[in-house]
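**Q** here are the coordinates; sequence isn't available:
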């Protein structure tokens with residue numbers, strides 16, 4: 001990515017639910033998983049659940065669904081980067097922004113059999129200590145680590161008007 005196309009990560013306002021739903025559909029389809037996702041609406045209704053959009057310039061570059069499993073333990077429930085932004089640093093930058101915005105314990109997992117995601121999460125979480133080697137839960141690699149409170153904790157802005165481009 002060039003400096004004029006830096007990635008931004010922003011919380012998603014309720015009125016942009018349909019954009020996240022469309023991205024979620026693409027993500028689940030790419031995985032070959034069921035596209036039925038009954039929890040999406042909860043990200044705007046329940047405390048401890050936060051939807052995010054990633055942008056490069058004015059273009060939507062991906063999304064994440066983050067939730068607090070218990071006090072101080074965060075999980076990336078879903079994470080997807082638009083194919084044209086992969087292997088260009090967008091995913092790693094987005095993940096690091098999320099870890100900084102939510103200091104504390106983290107758990108991230110790769111979809112079972114998704115070798116690319118497993119490699120991505122291994123690399124994206126390697127700099128955090130303590131870093132617990134992945135466990136395997138139902139075929140998924142699960143990474144546990146701690147994001148320190150002094151890691152540049154930033155509150156991410158809520159999206160104002162997402163680009164129509166997907």
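**A** Alright, I've got the coordinates. As the structure is a prediction and not an experimental result, all values here were calculated from the model.
**Q** all helices for this structure, in order.
**A** Secondary structure of the chain (DSSP state H): helices located at 17-31, 90-101, 115-125.
**Q** of all the residues in the longest one, which ones are buried?
**A** Neighbour-count burial for helix 17-31 flags 19, 20, 23, 24, 26, 27, 28, 31 (criterion: 16 or more other CB atoms under 10 Å). (Glycine included, C-beta is placed from N, CA and C.)
**Q** quick one: average pLDDT of that helix?
**A** Averaging pLDDT along helix 17-31 gives 95.
**Q** cool, and the shortest one?
**A** Per-residue pLDDT values across helix 115-125 average out to 85.
**Q** buried sites along that helix?
**A** 117, 118, 120, 121, 124, 125.
**Q** next one: the second one
**A** Within helix 90-101, the residues that count as buried by 16+ other CB under 10 Å are 90, 91, 93, 94, 95, 96, 97, 98, 99, 100, 101.
**Q** which one of these is nearest to residue 10?
**A** Of all the buried residues of helix 90-101, residue 10 sits closest to residue 97, with 9.6 Å by CB to CB.
**Q** against residue 101, how distant is the residue lying closest to that closest one once chain neighbours are set aside?
**A** Spatial nearest neighbour of residue 97, excluding adjacent residues (CB to CB, 6 or more residues apart in numbering): residue 9 at 4.2 Å. For residue 9, the distance to residue 101 equals 8 Å [CB to CB, to the nearest Å].
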